[in-house]
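> Give me a model of this one.
(chains A and B)
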There are 2 protein chains.
Amino acid sequence: MDPQRLMQLAIDAAQDGIEKGQSPFGCAIAIGERVLACRHNSVWMTTDATAHAEINAIRQANLEYGSIFLPEATVASTCEPCPMCMAALHWARVENVYYGATIADAADAGFNELHLPAASLLEMGGSDIHLNPDCLRDECLALFADWISRNPQAY
Amino acid sequence: MDPQRLMQLAIDAAQDGIEKGQSPFGCAIAIGERVLACRHNSVWMTTDATAHAEINAIRQANLEYGSIFLPEATVASTCEPCPMCMAALHWARVENVYYGATIADAADAGFNELHLPAASLLEMGGSDIHLNPDCLRDECLALFADWISRNPQAY
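Take a look at the predicted model:
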């Protein structure tokens, strides 16, 4: 699937999450033209520190596809995956990951990020996932602006 | 709680998981003397690439404690946390992590590990979690031996 079209789904999910009081992150996963999952972050809603958008989307995609492996999957995440999510995508054997905002942007917004770029984790860890930055970056950054205007809580 | 006692709970959980056809990993989390969670890996059982023992335990502990944050928590994991799990423990703000076997041991057993030691991730990422290796290491390694004797599948 066209990465920008997949990213728009992730952005729409993030926007939906923001309106429900969640953190401004979304993720969509497709294999070919089949969208397997599209989820927003639900850390507050579910009282679950692991419920980042990517983790939620992987779990949904695994069930939808009937496998822990998502070969040739394309992932669009509104923000560069944190090490938890990047490593989870490695375990799920996805092929391509597109993202818009960066870990540095999320840290600037107040999130307690581990300061390790996804590209560094993949290179040091020996993963062959293809990482593609700057996908609809302005639209992904706008999610933070909307979120901040609502006087939210980071974690 | 005494780390070795907590680790024994994690080992018992891992053993239970092995007997159910799961991968040989367990994790227990306590605050003070209160055990909040004790779980084994359930990746195969739940068709969920993210269902490592630590992720399962964090999710349970968050619900049990009623918070995404687990301040002053002690964690015992039968194996050194992979980057997904180490970063998840950072997000949950735990204080101490004890482990027995290492990521290298898990890779030797056939798991598709990202080759990044937990200590490196914490140092590069700027986390202040205290990491404590070699807790009941022989007993944790024995879990791999039992698991391998059952002709299992790694991922």
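> rest of the way, CA atoms for contacts and neighbours
Will do.
> so after whichever helix or strand A:Thr74 is part of, what's the next helix or strand?
Using DSSP states H and E, A:Thr74 sits in strand A:73-79. Note on strand A:73-79: by DSSP H and E, the next helix or strand toward the C-terminus is helix A:83-91.
> So what's the residue count around the closest residue to A:Ala28 other than its chain neighbours?
Nearest residue to A:Ala28, sequence neighbours excluded (CA to CA, 6 or more residues apart in numbering or on different chains): A:Cys38, at 4.1 Å. A:Cys38 has 28 neighbouring residues, counting by other CA atoms under 10 Å in any protein chain shown.
> ok, residues contacting the strand holding A:Thr74?
Strand A:73-79 has contacts (CA atoms under 8 Å, 6 or more residues apart in numbering or on different chains) with A:1, A:3, A:6-7, A:10-11, A:14, A:25-32, A:53-54, A:94-103, A:106, A:137, A:140.
> before we move on, back to that, please settle this for me: is the residue nearest to A:Ala28 part of a helix?
No. Under DSSP: H, G, I helix; E, B strand; the rest coil, A:Cys38 sits outside any helix and is assigned strand.
> Let me know the pLDDT of the residue nearest to A:Val43 when sequence neighbours are not counted.
Once flanking residues are discounted, A:Val43 sits nearest to A:Ala51: 4.9 Å by CA to CA, 6+ apart. pLDDT recorded at A:Ala51 is 98.
> Determine the three-state secondary structure at A:Ala51.
Secondary structure of A:Ala51, reduced to three states by three-state DSSP: coil.
> Quick check: phi and psi on it?
Backbone torsions of A:Ala51, given as degrees, to the nearest 10, read phi -80, psi 50.
> Tell me the gap between the strand holding A:Thr74 and the middle of its chain.
6 Å (CA atoms, centre = their mean, to the nearest Å).
> re earlier: can you say which of the contacts of strand A:73-79 are buried?
Buried by 16 or more other CA atoms under 10 Å in any protein chain shown: A:3, A:6-7, A:10-11, A:14, A:25-31, A:53-54, A:94-103, A:106, A:137, A:140, out of the contacts of strand A:73-79.
> give me the number of residues near A:Ala104?
Neighbourhood size, A:Ala104 [other CA under 10 Å]: 17.
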